[in-house]
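Trainee: I'd like to go over a predicted model; first the sequence, then the structure.
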Amino acid sequence: MKITPIIGLEVHVELKTKSKMFCNCSAEHFHVEPNTHTCPVCLGLPGALPVPNITACEWCVKLGLALGCTPNETSFFERKNYFYPDLAKGYQLTQYEKPFVINGKVKVGDQEVRINRAHMEEDTGKSVHISEYGQDLTLIDYNRCGVPLVEIVSEPDITSATMAKDYLLKMQQIIRYLGISDADIEKGSMRCEPTVNLKIEDNGEVFYTPLAEIKNVASLTGVQNAIEFEIKRQTEEFEKTREVKNSKNKTTRGWNAEKAQTFLQREKEGSADYRYFPEPDIPHMEFTPAQIEEIRISIPELPDQKIEKYKSVYSLNDYDSSVIATDQNFADIYETVVTPQNRNDKIKEFAKFVANLFLGAIKTHLNETGEELNQSKINPEYFLNLFDSVQKSEISSSAAKQVIVESYQTGTNPVEIAKDKGLIQVSDTGALEKMAQEVITANPKAVEDYKKNPMSIGFLIGQLMRLSKGSANPQMAKEILEKILNGN
Ligand SMILES: [Zn+2]
């Protein structure tokens, strides 16, 4: 029996525009007094007219373009009718027939996930469940009702829970690079609904298990766990009955993070149940080719492009390249230090040197303090000075790691710090020869040992290091001692 999971993801992203999708209310709803950012439009009062937020529409197109989608020539909003207390109007304004953008793709590792569409819609309010006056009560906060939401629908090209996680991380990176949302899964500004079923091949027969859409997954680990649970559940279900109901019947399942289980919520209604129809109060929307072009050129260099550049221009490896590109701020600052103009002849060594410091000592420091990398504390000149000193063997690589964090904190040149701390290695041959001679004279026994066993030179090197108070370049110390001891 061969089992292949078929996983698609619907991702909702709240845009960080100033105002809501169809009214002038502030879109801010975290830590805000409930029901203070509301008006007749977002409360769905009779006669109120929606006016689309153009910035939000442009950002939706921008995201689509970044995902390689094609804009539709014309788009329009539709009413999706359903009743729920947090949906004030009794319908949600969304795009169904004609989303803003269609047919894109995202690279996830070595694979590609096709994007079916990205469309614009509005968020719902928030239900808050409390226990008070001896009763369980549900309160509704409409501050979130009408906040711009982009929905990105993938094709079911994802084949494992890990790949789903990588897809979400990639999506999050791209959205953050575009600066259109903080895309925080834990906070709820990025939400995800996986759709899972299985292709089962057994004795020449092929079965498809019914589709399950999983709701209320509120963390990245949750997404992974929910998908893994669902794969296991559907496999067991199939093994028990070997009966496959119509796989077109989609069921909706909730995710219980505490129990780490999905549970049946409802047998899914089809799109007909939503009675989609065009919103009569908003005209069709069209972006001209010139407007699309303007949006396209506003897209910054994206993670994939940065990774490609680091690999081809700076010869960084896959791992370093992708870790640097994970965070735009981090990547941009790295690039202010490593520019092709810097140490042109040794650009690859310099790029690797800086990458090691950024990903090692500096990143550790940032993790410890919980800070973001701060451009004003990074002086490209200092990195060049430090690089040159290491190249000349004046400062060891491990000393460079030590001083760079202090330099970052204090704004002092790391080479100066190394001098103060006595971390400058003596590579002056004359001075080292003098000290080596002194060590040899003072340790006749060790010299005898060396003649019998050259491996015992470590002791003499140690003496030389001590005499130089640790400042001798160990490699040179060894070479000079050998030269004198071997009499050449
Ligand atoms: Zn409003």
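Mentor: Alright, I've got the coordinates. Residues are numbered from 1 along each chain as shown.

Trainee: do you know the pLDDT at Asn385?
Mentor: pLDDT, Asn385: 91.

Trainee: make that Lys215, sorry
Mentor: 88.

Trainee: so who does it touch?
Mentor: Residues in contact with Lys215 (C-beta atoms under 8 Å, 6 or more residues apart in numbering) are Glu193, Thr252, Arg253, Gly254, Trp255, Gln265. C-beta here means a position set from N, CA and C on the backbone, and glycine is covered the same way.

Trainee: recalculate using a threshold of 7 Å.
Mentor: Going by C-beta atoms under 7 Å, 6 or more residues apart in numbering, Lys215 touches Glu193, Thr252, Gly254, Trp255, Gln265.

Trainee: and if you look at Leu15?
Mentor: With C-beta under 7 Å, 6+ apart, Leu15 has these contacts: Ala56, Trp59, Pro148, Val150, Ile180, Ser181.

Trainee: can you tell me which of these lies nearest to the ion?
Mentor: The ion lies nearest to Pro148 out of the contacts of Leu15, by C-beta to the ion, at 12.1 Å.

Trainee: and the residue lying closest to that closest one once chain neighbours are set aside, helix, strand or coil?
Mentor: Spatial nearest neighbour of Pro148, excluding adjacent residues (C-beta to C-beta, 6 or more residues apart in numbering): Ala56 at 3.8 Å. Of the three states, Ala56 takes helix according to DSSP: H, G, I helix; E, B strand; the rest coil.

Trainee: what does the protein put close to the ion?
Mentor: Cys23, Cys25, Cys39, Val41, Cys42 (C-beta under 5 Å from the ion).

Trainee: quick check on those: which are buried?
Mentor: Among these, those classed as buried by 16 or more other C-beta atoms under 10 Å are Cys23, Cys25, Val41, Cys42.

Trainee: in helices only, show me the residues you listed.
Mentor: Per DSSP state H, helices hold no members of those.

Trainee: now, the most widely separated pair of these?
Mentor: Cys25 and Val41 (7.8 Å; C-beta to C-beta).

Trainee: tell me, how many neighbours does the residue nearest to Lys20 when sequence neighbours are not counted end up with?
Mentor: Distance criterion C-beta to C-beta, 6+ apart; nearest residue to Lys20, sequence neighbours excluded, is Gly146 at 4.1 Å. Gly146 is flanked by 32 other residues according to other C-beta atoms under 10 Å.

Trainee: type out the PyMOL command that picks the buried ones from the contacts of Lys215.
Mentor: In PyMOL, this line selects whichever of those come out buried by 16+ other C-beta under 10 Å:
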select buried, resi 193+252+255
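
Trainee: which of the contacts of Lys215 lies closest to Ser75?
Mentor: When the contacts of Lys215 are compared for distance to Ser75 (C-beta to C-beta), Glu193 wins out at 22.5 Å.

Trainee: which of the three states applies to the closest residue in space to the closest one that isn't next to it in sequence?
Mentor: Residue nearest to Glu193 in three dimensions, not counting chain neighbours: Glu10, with 4.5 Å by C-beta to C-beta, 6+ apart. Three-state call for Glu10 (three-state DSSP): strand.

Trainee: can you name the residues that contact Glu10?
Mentor: Glu151, Val153, Glu193.

Trainee: can you check the pLDDT for the second one?
Mentor: pLDDT, the model's per-residue confidence, is 97 for Val153.

Trainee: just checking: what are the partner strands of the helix or strand that contains it?
Mentor: Assigned by DSSP states H and E, Val153 belongs to strand 148-154. Strand 148-154 has its sheet partners listed here by DSSP bridges as strand 2-14 (antiparallel), strand 111-122 (antiparallel).

Trainee: re earlier: which single one of the contacts of Lys215 is nearest to Tyr310?
Mentor: Nearest to Tyr310 among the contacts of Lys215, with distances taken as C-beta to C-beta, is Glu193, at 33.9 Å.

Trainee: tell me the helix or strand right after the helix or strand hosting the closest one.
Mentor: Element membership for Glu193, per DSSP H and E: strand 190-202. Of the helices and strands lying after strand 190-202 in sequence (DSSP H and E), the nearest is strand 205-208.

Trainee: just the CA atoms of stretch 37-50, as PDB, please.
Mentor: Extracted in PDB, the C-alpha atoms of stretch 37-50 (Å, rounded to 0.1, in the frame of the first residue of the first chain):
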ATOM      1  CA  HIS A  37     -13.100  51.300  15.700                       C
ATOM      2  CA  THR A  38     -16.500  50.900  14.100                       C
ATOM      3  CA  CYS A  39     -18.800  52.800  11.900                       C
ATOM      4  CA  PRO A  40     -22.100  52.100  10.000                       C
ATOM      5  CA  VAL A  41     -20.200  50.500   7.100                       C
ATOM      6  CA  CYS A  42     -18.300  47.900   9.100                       C
ATOM      7  CA  LEU A  43     -21.200  47.400  11.500                       C
ATOM      8  CA  GLY A  44     -23.400  46.600   8.400                       C
ATOM      9  CA  LEU A  45     -26.000  49.200   9.200                       C
ATOM     10  CA  PRO A  46     -28.700  49.600   6.500                       C
ATOM     11  CA  GLY A  47     -27.900  52.100   3.800                       C
ATOM     12  CA  ALA A  48     -24.200  52.300   4.500                       C
ATOM     13  CA  LEU A  49     -22.000  52.100   1.400                       C
ATOM     14  CA  PRO A  50     -18.600  50.400   1.100                       C
END
